[in-house]
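Kindly return the folded structure for what I paste below:
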Amino acid sequence: MSNDNLWRDTPAGSGGCQCGAVRYTFTAGPSKATICHCRMCQRAVGGPFAALLELPRDRISWAGAPKRFASSSKADRGFCPECGTPLFYDFHDRDVIEVTAGSLPPDFPYRPVKQWGMESRCGWLDGLPRLPGAETFETGISSNQSSENDGA
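Residues are numbered from 1 along each chain as shown. Sure, this is the predicted structure:
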């Protein structure tokens, strides 16, 4: 864990994949919430950026075995082998792991403190606050996803 001033105390938490086959828990303590816009992260999460919560590896425990992909010379990316949910970014040479913010419950106090990979940031993100919004289930969709620790 680096000594930069981006680390914040966060409560214990838990998260996991869509189908519930892989779950994790972590203890309270320092973490660093960031967003990465780099092309590797965009492709890994299938979206315009990866929202990640970095925490010391020794604070996290797993139920179920995530699958790993060596996405670069520096890290593996983890995902559920059943449903494919992206779950983490794991550095080879550091004692930290970054879990995806989307795998945390919606009420977890995730507050990004830095953005990375700005060279690949999608310009259309600037316009999002001006778009109209709607509730997810107003269209009659029902979810088949695991609701464990999800607030759903």
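
Give me the residues contacting the helix or strand where residue 42 lies.
Take DSSP states H and E as the rule and residue 42 turns out to sit in helix 39-45. Residues from elsewhere that reach helix 39-45 (C-beta atoms under 8 Å, 6 or more residues apart in numbering): 48-50, 71-72, 77, 86, 89, 100, 102, 117, 120. In short, each C-beta sits where N, CA and C put it, glycine included.

pLDDT below threshold where in this structure?
For the chain, applying pLDDT under 70 flags the ranges 1-3, 137-140, 148-152.

where do the strands sit along it?
Assigned by DSSP state E, the chain shows strands spanning 8-10, 13-16, 23-26, 29-36, 50-56, 60-63, 67-69, 75-79, 86-91, 96-100, 114-116.

Compile these into a markdown table and extend it with columns for mean neighbour count and distance to residue 124.
Supplementary listing: the strands of the chain in a markdown table, determined by neighbours: other C-beta atoms under 10 Å; distance: least, C-beta to C-beta, whole Å:
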| stretch | mean neighbour count | distance to residue 124 |
| --- | --- | --- |
| strand 8-10 | 14 | 29 |
| strand 13-16 | 23 | 28 |
| strand 23-26 | 20 | 32 |
| strand 29-36 | 20 | 15 |
| strand 50-56 | 22 | 17 |
| strand 60-63 | 14 | 34 |
| strand 67-69 | 14 | 28 |
| strand 75-79 | 22 | 25 |
| strand 86-91 | 22 | 21 |
| strand 96-100 | 23 | 22 |
| strand 114-116 | 13 | 16 |
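
So which of the ones you listed is nearest residue 146?
Among these, strand 13-16 comes nearest to residue 146, with 7.0 Å by C-beta to C-beta.

Grab the nearest non-local neighbour of the residue nearest in space to the middle of the chain.
Most central in the chain under C-alpha atoms, centre = their mean is residue 100, positioned 0.9 Å from the mean C-alpha point. Ranked by C-beta to C-beta, 6 or more residues apart in numbering and with sequence neighbours excluded, the top spatial neighbour of residue 100 is residue 86, at 5.2 Å.

next one: residue 34
Nearest non-adjacent residue to residue 34, counting by C-beta to C-beta, 6+ apart: residue 114, 4.9 Å away.
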